[in-house]
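**Student:** structure, please.
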Amino acid sequence: MIQKTDDEVVANDDCDGDDDDADDRDDGFVPGPLIPLKEQLEKDKEDESLRRWKEKLLGCLEEDFTGQMDPEVRFHSIELVSEDLEEINAPLPVHESQKNDFLFILKEGSHYRRKITFTVLHNIVSGLTYSNTVWKGGFQVYESKGMLGTFAPQREPYVLALDDETTPSGVLARGTYSAKLKFQDDDRRCHMELKYSFQIKKRS
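**Tutor:** Below you'll find the model as predicted:
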């Protein structure tokens, strides 16, 4: 039986701040101005090669020519891929009926990676990064960070794999963990914050 715990998905500007974010807000950082997609396409339109490059990058999504400037990243699913386990695919946001379950159950010493599926709307999202922080028994035991890149709006979802990871082994490694997976861009917009729990079990 799966033990109950607290999972939560928070999107966009509702993401919780943490100590690092507080330091960032105090350093005088001011995001650069946003430019609507249509205006970006019309700039330098006399340069044919630059125009074609922009059209390819931006995808020419007419439905996104709404004047809305803030990019929106919608996360559809998170998948765990491992040779030691069956693939696990969790839709996002987490369904209310599954909100208090473990998101993943892993075996000790397993090699795995997470895949995320998401869509970008309205504008280019620049410098999308992720951080994954893990706690056990109230103590932080692990943190990973990575750069995903810059993404333009397009009809098809993006599917990206995060870095490979390995679960710890041994008696002390087994048990229940809480974690927070966070995505933000280089303007420090938080596009998603997923608070979840997982379990590491003994390898059979």
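**Student:** dig out what the residue lying closest to Y158 once chain neighbours are set aside forms beta bridges with.
**Tutor:** Spatial nearest neighbour of Y158, excluding adjacent residues (C-beta to C-beta, 6 or more residues apart in numbering): F118 at 5.6 Å. Every residue, glycine included, has its C-beta placed from N, CA and C. Judged by DSSP bridges, the bridge partners of F118 are F75, Y158.
**Student:** list the contacts of F118.
**Tutor:** By C-beta atoms under 8 Å, 6 or more residues apart in numbering, the contact list for F118 reads V73, R74, F75, H76, P157, Y158, L160.
**Student:** spit out the contact partners of the residue nearest to the second one when sequence neighbours are not counted.
**Tutor:** The shortest distance from R74 to any residue that is not its chain neighbour, by C-beta to C-beta, 6+ apart, is 4.8 Å, and that residue is T119. If a contact means C-beta under 8 Å, 6+ apart, then T119 has V73, R74, H76, Q154, P157, Y158 as its contacts.
**Student:** let me know the closest of those to R189.
**Tutor:** V73 (8.7 Å; C-beta to C-beta).
**Student:** need the contact list for the closest one.
**Tutor:** When contacts are counted by C-beta under 8 Å, 6+ apart, V73 touches F118, T119, V120, L121, V125, L128, F151, F183, H191, M192.
**Student:** quick one, grab the pLDDT at the fifth one.
**Tutor:** The one in question is V125. Reading off the confidence values, V125 has pLDDT 90.
**Student:** can you pull the contacts of it?
**Tutor:** Contact analysis of V125 by C-beta under 8 Å, 6+ apart lists P71, V73, T150, F151, D185, H191.
**Student:** over to the fourth one?
**Tutor:** With contacts defined as C-beta under 8 Å, 6+ apart, the neighbours of L121 are D64, P71, E72, V73, R74, P153.
**Student:** wait, L80 touches I88, no?
**Tutor:** Yes. With contact defined as C-beta atoms under 8 Å, L80 reaches I88; the gap is 4.3 Å.
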